[in-house]
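[1] This is a predicted model, with the sequence first.
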Protein chains: 2
Amino acid sequence: MKFPLGFYSFGKNIGIKDTSLDFAVIYSENRCQAAAVFTRNNFPGAPIYVGRDHIKDGYLQAIVINSKNSNVATGEQGIQNSYQICTELGKSLNIPPKDILPSSTGVIGVPLPIEKILNACSTAKADLKPGNLDEVAEAIMTTDTRKKISYRTITNQAGEGVMFGIAKGAGMIEPNMATMLSYILCDYLPESGDLQGILKRVVDVTYNCVTIDSDTSTSDTVVLMCSGVLGSIPDDVFESHLKEIATDLSKMIARDGEGASKLIELTVSHGRDDGQVTKIGKSILNSPLVKTAIYGGDPNWGRFVMAIGKVFDEPIPYDSLEIQLGGISVKGADTDTKSKLADYLKSNEEIHISVILNTGSFQKTFWSCDFTEGYIQENAYYTT
Amino acid sequence: MKFPLGFYSFGKNIGIKDTSLDFAVIYSENRCQAAAVFTRNNFPGAPIYVGRDHIKDGYLQAIVINSKNSNVATGEQGIQNSYQICTELGKSLNIPPKDILPSSTGVIGVPLPIEKILNACSTAKADLKPGNLDEVAEAIMTTDTRKKISYRTITNQAGEGVMFGIAKGAGMIEPNMATMLSYILCDYLPESGDLQGILKRVVDVTYNCVTIDSDTSTSDTVVLMCSGVLGSIPDDVFESHLKEIATDLSKMIARDGEGASKLIELTVSHGRDDGQVTKIGKSILNSPLVKTAIYGGDPNWGRFVMAIGKVFDEPIPYDSLEIQLGGISVKGADTDTKSKLADYLKSNEEIHISVILNTGSFQKTFWSCDFTEGYIQENAYYTT
């Protein structure tokens, strides 16, 4: 595993809920140009308010994250707590609090155990290790079953640099500006310096195309930090690597959806525009009936027709509509074809669906997972 | 059980899928004024096309229904089959085919076993029994576990009349003009004769306020038939009885949702208008995280906050927002209150939720059910 230069981090347990890692800090020895996108939920968590404030000037030097408690719906005290965390960590790292972005993820509506967190902030400097971001990837997990890490090496005249991304998220996932939490760090800057523009474009075709359960989290945050210690690279090179990493992490989130047994990748193509394609893509991947059929290996293709048809304001001509599962056309499937479709669904952990609207030339890919008893069991007793 | 005058019906098994009742006819000896509302799904079933055609003149004399096969996504042949069913039944009953409304419900995308159905149509006259609508209520069931019947007696100077309603539906339920299938028959006419206007108003606050799984069926149909043999009653009396019956049937549908263990009744009040209240009501009752928490008796109230907050275009001031479960306020609940909330959820089969927006004075009630492993199991293997 390769890390970008000058980044230090750690994850540790401070006893927020149990004995798993629940607190992490990422620190760059160089002040970084940075960009972030946040949830569109109207009741965002306290850290979102503070993060929006601190990212305003386009610079960050550290990120502080706790899991197991989201600091959402905790009122003015919650916001003060988030500011205080940055202040205490800033003292330890000897950087201004406003160069720190705070994140919290976990249960909603419970006050943070603020003393535990402030103690951990005050001793943070001594805990930092070079690179070490896989430990952070573990510390930010809640119902995730796996760490989510993706990185690429990128070479320019100054040497070999790294773009490194981590993410967490498994439920309450239909991001609308970002996914649950994701941090992407890089040695390089894009030549234009337009981190925010590039991040927004990439998020729109990666994290914003994931849905696990149609529920939009109050904590969604994606942060990009670029130290620029290896200089700049062309925007298109920067953006294509960022897109690869964000796509990897988006698929990992979908594959690790609560209770999931399968990753679903849906491409909606030959559509009129982004609006039409996105409404239909989300309608299919948010349909419990589509997702339970994929879980059970039931070639019940009528459910795809239903899910496309229930987008009332985007009527699609039925005769030219194509729907394929694993490359097999489903409309009007005979017994033999249904048996092939059932085989395809049952024997693959990655299900590829193609929906061809034939209303234009726009195309987009979406990710989700199947819907199983595991989701119900995990969420019926989450806080009890 | 009391039936309206002059209505005859039967339900029988004709072997469409198994040995349960799967075919039904309702016949009135008097030609009836009638109104209907249908699904807004863009790929409606073949019977919807024919039903829209036949209801145009505002009159019906019979309804023919098969379950176990919806005749949806079956192309031009499917539509011809629906017309042919009306023709054959018209011959047997000696009425014009255009006074018959056909319905089909069940699996999508499989051609109707048309010979079996035409045979049953040709002998229908002999099968009819007076009243007998409970047999029809059974014959139209698919994944329903219970018959859904509601009626009221209404007295005017001509004597005692009856308004009688039946319905079916348990999955693929977020109706947008109507629910799965419902037929309401009455001895009376409303004085204004405006059946369609009354039906639309009632459907909007009853069937359109039910969601089981956010999936809008391709077959939704509500039909109202009024013989008028006992004359007319004032519109407000007619409409209030119709609303009572439709509310009863809506709650029965929600309570019998696939896999459901609890009925959820949500009232969103003090909202700005119908648009705001409906978006927020549906967002809460379509949230898998809200519905699994109710199933598990988990007082995880943050999920209500999330579900209200994810209606991006309707931001609600947080401080004046009220959320109550069984009359208990949930925001910022302490340990003691959480334990009361858990008790309430665990010890009741009807869960009452009140959300007070404090943005105006509009109010509406919505119904749904909890989300359990039973839904997954029922839908993972539906056609296999």
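    Received it, and whenever you're ready, just let me know what you need.

[2] quick one, what contacts the residue of the stretch 51-200 of chain A found nearest chain B?
    The minimum distance from the stretch 51-200 of chain A to chain B, using C-beta to the nearest C-beta, falls at A:Ile108 (2.3 Å). Heads up, the C-betas are built off the backbone N, CA and C, glycines and all. By C-beta atoms under 8 Å, 6 or more residues apart in numbering or on different chains, A:Ile108 lies in contact with A:Gly45, A:Ser70, A:Val72, A:Ala73, A:Thr218, B:Asn300, B:Trp301, B:Gly302, B:Arg303, B:Val305, B:Met306.

[3] For the lengthiest helix in chain A, which residues meet the burial criterion?
    In chain A, assigned by DSSP state H, the helix with the most residues is helix A:235-255. Buried residues in helix A:235-255, counted by 16 or more other C-beta atoms under 10 Å in any protein chain shown: A:235, A:238-239, A:241-255.

[4] what distance separates it from the centre of its chain?
    Relative to its parent chain, helix A:235-255 has a centroid offset of 10 Å by C-alpha atoms, centre = their mean, to the nearest Å.

[5] right, is that helix up against chain B?
    No: for helix A:235-255, no contact with chain B is found by C-beta under 8 Å from any C-beta of the partner chain; the gap never falls below 15.4 Å.

[6] packing partners for that helix?
    strand A:148-156, strand A:159-168, strand A:181-186, strand A:189-190, helix A:195-205, strand A:263-271, strand A:362-369 (3 or more C-beta pairs under 8 Å, 6 or more residues apart in numbering or on different chains; DSSP states H and E).

[7] out of the contacts of A:Ile108, which are inside helices?
    The helices, defined by DSSP H, take in B:Gly302, B:Arg303, B:Val305, B:Met306 from the contacts of A:Ile108.

[8] Chain A: which of those residues is nearest?
    For those, the nearest to chain A is B:Gly302 (2.3 Å; C-beta to the nearest C-beta).

[9] Angles on the backbone of A:Ile376, please.
    The phi and psi values for A:Ile376, taken as degrees, to the nearest 10, are phi -60, psi -50.

[10] which residue packs closest to it, ignoring adjacent ones?
    Leaving aside its chain neighbours, A:Ile376 sits nearest to B:Glu373 (5.0 Å; criterion: C-beta to C-beta, 6 or more residues apart in numbering or on different chains).

[11] and what of A:Gly302?
    In space, and not counting its chain neighbours, A:Gly302 is closest to B:Ile108: 2.3 Å by C-beta to C-beta, 6+ apart.

[12] now A:Lys310
    Among residues not flanking A:Lys310 along the chain, B:Thr216 sits closest, at 3.9 Å (C-beta to C-beta, 6+ apart).

[13] Name the SS class of that neighbour, please.
    Here B:Thr216 is recorded as coil under DSSP: H, G, I helix; E, B strand; the rest coil.

[14] Tell me the pLDDT of it.
    In the prediction, the pLDDT value recorded for B:Thr216 is 74.

[15] before we move on, the earlier item: and the residue nearest to A:Ile376, how many neighbours?
    When neighbours are counted by other C-beta atoms under 10 Å in any protein chain shown, B:Glu373 registers 17.

[16] picking up where we left off before, help me confirm that the residue nearest to A:Lys310 comes into contact with A:Met306.
    Yes: with contact defined as C-beta atoms under 8 Å, B:Thr216 counts as touching A:Met306 (7.1 Å).

[17] Name the residues contacting each of those two.
    Counting by C-beta under 8 Å, 6+ apart, the shared contacts of B:Thr216 and A:Met306 are B:Asn41, B:Met172.

[18] For the stretch 201-350 of chain A, which residue gets nearest to chain B?
    Counting by C-beta to the nearest C-beta, the stretch 201-350 of chain A gets nearest chain B through A:Gly302, at 2.3 Å.

[19] and that residue, how far is that from B:Thr359?
    Noted for A:Gly302: a distance of 40 Å to B:Thr359, by C-beta to C-beta, to the nearest Å.

[20] Which residue of these two possesses the greater neighbour count?
    It is A:Gly302, of A:Gly302 and B:Thr359, that has more neighbours when counted by other C-beta under 10 Å, with 26 against 19.

[21] Confirm for me that that one is in contact with B:Ala73.
    Yes: using C-beta under 8 Å, A:Gly302 is in contact with B:Ala73, at 5.7 Å.

[22] shared neighbours, these two?
    Residues touching both A:Gly302 and B:Ala73 by C-beta under 8 Å, 6+ apart: B:Ile108, B:Gly109, B:Thr218.

[23] Switch these over to CSV; also include distance to B:Tyr8.
    What follows is the shared contacts of A:Gly302 and B:Ala73, written out as CSV (distance: C-beta to C-beta, whole Å):
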residue, distance to B:Tyr8
B:Ile108, 31
B:Gly109, 33
B:Thr218, 29
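
[24] where do the helices sit along the stretch 251-384 of chain A?
    For the stretch 251-384 of chain A, the helices defined by DSSP state H, counting those that start in this stretch cover A:274-285, A:288-296, A:302-309, A:335-347, A:373-380.

[25] Adding mean pLDDT, write the ones you listed out as TSV.
    Putting these into TSV (pLDDT from 0 to 100) gives the following:
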stretch	mean pLDDT
helix A:274-285	94
helix A:288-296	93
helix A:302-309	90
helix A:335-347	95
helix A:373-380	86
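
[26] In contact with A:Asp273, which residues?
    If a contact means C-beta under 8 Å, 6+ apart, then A:Asp273 has A:Gly360, A:Phe362 as its contacts.

[27] distance of it from A:Thr39?
    25 Å.

[28] quick revisit: what is the rounded mean pLDDT of the longest helix of chain A?
    Here helix A:235-255 scores 91 as its mean pLDDT.

[29] now do stretch A:42-53
    Across stretch A:42-53, the average pLDDT comes to 92.

[30] what comes into contact with it?
    Residues from elsewhere that reach stretch A:42-53 (C-beta under 8 Å, 6+ apart): A:36, A:38-39, A:70-74, A:78-79, A:81-83, A:86, A:98, A:101-104, A:108, A:218-219, A:221, A:223, B:305-306, B:308-312, B:314-316, B:318.

[31] repeat that with 7 Å
    Residues outside stretch A:42-53 that contact it (C-beta atoms under 7 Å, 6 or more residues apart in numbering or on different chains) are A:36, A:38-39, A:70-74, A:78-79, A:81-83, A:86, A:101-104, A:218-219, A:221, B:305, B:309, B:312, B:315-316, B:318.

[32] Can you give me the domain boundaries for chain A?
    Structurally, chain A divides into domains by the TED database as follows: A:7-256, A:263-381.

[33] okay, those domains, which one's buried deepest?
    The highest mean neighbour count among the domains of chain A, using mean count of other C-beta atoms under 10 Å in any protein chain shown, belongs to domain A:7-256: a mean of 21.

[34] does chain B sit close to stretch A:58-69?
    No: residues of stretch A:58-69 are not located near chain B by C-beta under 7 Å from any C-beta of the partner chain, the shortest gap being 10.6 Å.
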